[in-house]
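Enquirer: let me see the structure of the following:
(one chain, ligands or ions: 1)
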Amino acid sequence: MGVEGFQKVTVVGSGLMGHGIGQVFAQGGYTVVLNDLDDERLQRAVDGIRRNLNLFVEGALLTPADAANTLARISTEADLARAVHDADLVVEATFEDLESKRAVLGRIGSLCPERTLLASNTSGLSVNAMAPATGRPDRFVVAHFWNPPHLIPLVEVVRGEQTAESTITRVVDVLRSIGKAPVVVQKDVLGFVGNRLQYALFREALGLVQNGVCTAEDIDTVVKMSFGRRLTTAGPLETADINGTDLFYSISQYLFPDLDNSSQPHAFFKELIAQGRTGVKVGRGFREWPGDRAERIRQARDRELIRWLKVDRESSAE
Ligand SMILES: NC(=O)c1ccc[n+]([C@@H]2O[C@H](COP(=O)([O-])OP(=O)(O)OC[C@H]3O[C@@H](n4cnc5c(N)ncnc54)[C@H](O)[C@@H]3O)[C@@H](O)[C@H]2O)c1
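Expert: Numbers count the residues shown, from 1 in each chain. I've put the predicted structure just below:
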């Protein structure tokens with residue numbers, strides 16, 4: 001467990017993503033410092049980690065002693081200079097805004113030791129646009145954790161034009177050491193890999209609903225009750241191999257020309273936004289969200305993700 005020369009990870013920005021990222025590094029045995037704008041936010045982050053760890057204990061993924069040890073490895077520090085002064089890796093998880101990220105990364109770069117590696121958890125900003133601000137573009141990557149970061153294994157590690165090979169190797173090794181499944185994205189493309197795939201599906205879903213082929217509810221049923229189930233064990237290209245690439249090739253020949261290729265969000269989607277149907281937060285989006293339905297789905301999702309983490313753990317022990 002652990003990677004030689006790596007002991008301390010600082011997470012700058014301890015909101016929705018940052019607190020979960022800090023948790024996974026602490027679970028993996030690293031000393032973690034959480035940084036945020038004030039102590040109140042840092043307290044909320046620690047409370048969130050405590051709740052997450054309780055879920056892990058309930059799901060038999062951690063013993064109560066492991067959960068206590070994880071918490072003991074986490075400290076908070078609102079002063080950025082003190083938070084990063086001896087970090088081996090700093091993960092930036094602040095607001096998704098290029099200028100403010102550049103400013104934060106610049107300050108981190110000027111305050112942490114020469115050897116420190118920096119990673120931004122941006123959802124989609126360009127690694128090359130951020131890199132110069134760090135003052136150490138050779139030791140900078142995007143490390144895109146997926147939400148919720150304590151439950152989803154994938155981390156996309158995006159290589160910048162100036163990222164050193166040794167940085168990629170170190171970051172990948174550290175992520176593997178905490179049980180994550182890193183994938184190196186070799187080029188600075190919008191949306192990285194995962195969101196490009198997700199949004200290709202989303203675009204087709206919108207096209208199908210707009211054309212009256214099925215309802216929004218039907219889209220979710222089709223995905224959850226068919227290939228969504230398979231995808232957790234066999235990815236789309238594995239599935240093509242299993243079913244025969246020749247079959248996929250002949251379907252691609254007639255289907256590709258018919259698939260949605262809209263370059264702007266669809267009219268009915270624009271209309272939905274204009275009507276203020278922005279989703280669970282207002283009780284209406286593509287669908288209605290009465291009562292606690294969203295919370296029940298979130299809890300069911302988290303239980304399922306915990307079950308998958310157990311499956312991963314059992315198969316890696318085999
Ligand atoms: N929410 C998601 O599903 C998701 C998924 C993957 C990646 N991301 C990315 O992760 C990053 C964080 O997103 P989030 O959803 O956790 O946002 P969030 O608003 O929940 O958290 C951001 C945190 O950063 C803190 N912060 C802002 N400026 C700071 C500064 N100068 N110094 C220290 N702390 C500062 C804020 O106080 C806040 O606690 C964004 O870049 C986002 O795009 C989000």
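Enquirer: show me where pLDDT drops low in the stretch 1-150 of the chain?
Expert: Counting by pLDDT under 70, the stretch 1-150 of the chain shows low-confidence ranges at 1.
Enquirer: mean confidence score for the lengthiest helix in the chain?
Expert: Criterion DSSP state H: the longest helix present in the chain is helix 293-317. Helix 293-317 shows a mean pLDDT of 90.
Enquirer: buried set for that helix?
Expert: Using 16 or more other C-beta atoms under 10 Å as the test for burial, helix 293-317 gives 302, 305, 306, 309. Every C-beta, even on glycine, is put in place using the N, C-alpha and C of the backbone.
Enquirer: pretty sure the second one is touching residue 150, no?
Expert: When you say that, I think you mean residue 305. No: contact criterion C-beta atoms under 8 Å: residue 305 and residue 150 do not qualify, at 9.1 Å.
Enquirer: and for residue 167, nearest residue in space, chain neighbours not counted?
Expert: Distances taken as C-beta to C-beta, 6 or more residues apart in numbering place residue 139 nearest to residue 167, at 5.2 Å, with adjacent residues excluded.
Enquirer: so what's the one you found up against?
Expert: By C-beta atoms under 8 Å, 6 or more residues apart in numbering, residue 139 lies in contact with 116, 117, 118, 163, 164, 167.
Enquirer: which SSE is residue 90 in?
Expert: For residue 90, the host element (DSSP states H and E) is strand 89-92.
Enquirer: neighbours around the residue lying closest to residue 50 once chain neighbours are set aside, how many?
Expert: Distances taken as C-beta to C-beta, 6+ apart place residue 71 nearest to residue 50, at 6.7 Å, with adjacent residues excluded. A total of 14 residues lie near residue 71 under the criterion other C-beta atoms under 10 Å.
Enquirer: wait, is residue 71 part of a helix?
Expert: Yes: under DSSP: H, G, I helix; E, B strand; the rest coil, residue 71 falls within a helix.
Enquirer: what number of residues lie near the residue of the chain found nearest the ligand?
Expert: Going by C-beta to the nearest ligand atom, the ligand is nearest to residue 15 of the chain, at 2.0 Å. Applying other C-beta under 10 Å, we find 16 residues neighbouring residue 15.
Enquirer: can you name the residues that contact it?
Expert: Applying C-beta under 8 Å, 6+ apart to residue 15 gives the contacts 36, 41, 45, 93.
Enquirer: how about a cut-off of 10 Å?
Expert: Neighbour list for residue 15: 36, 37, 41, 44, 45, 48, 93, 94, 95 [criterion: C-beta atoms under 10 Å, 6 or more residues apart in numbering].
Enquirer: domain ranges for this structure?
Expert: Per automatic domain parsing, the structural domains of the chain span 8-185, 195-287.
Enquirer: and the shortest one, average pLDDT?
Expert: Read that as domain 195-287. Domain 195-287 comes out at a mean pLDDT of 97.
Enquirer: follow-up on the earlier one: farthest pair within the contacts of residue 139?
Expert: Between any two of the contacts of residue 139, the greatest separation by C-beta to C-beta is 14.4 Å, found for 116 and 163.
Enquirer: more neighbours: the two, which one.
Expert: residue 163 (24 against 20).
Enquirer: quickly find the element holding the residue lying closest to the more buried one once chain neighbours are set aside.
Expert: In this structure, residue 163 finds its nearest non-sequential neighbour in residue 141, 5.5 Å apart by C-beta to C-beta, 6+ apart. In this structure, residue 141 sits in strand 140-145 according to DSSP H and E.
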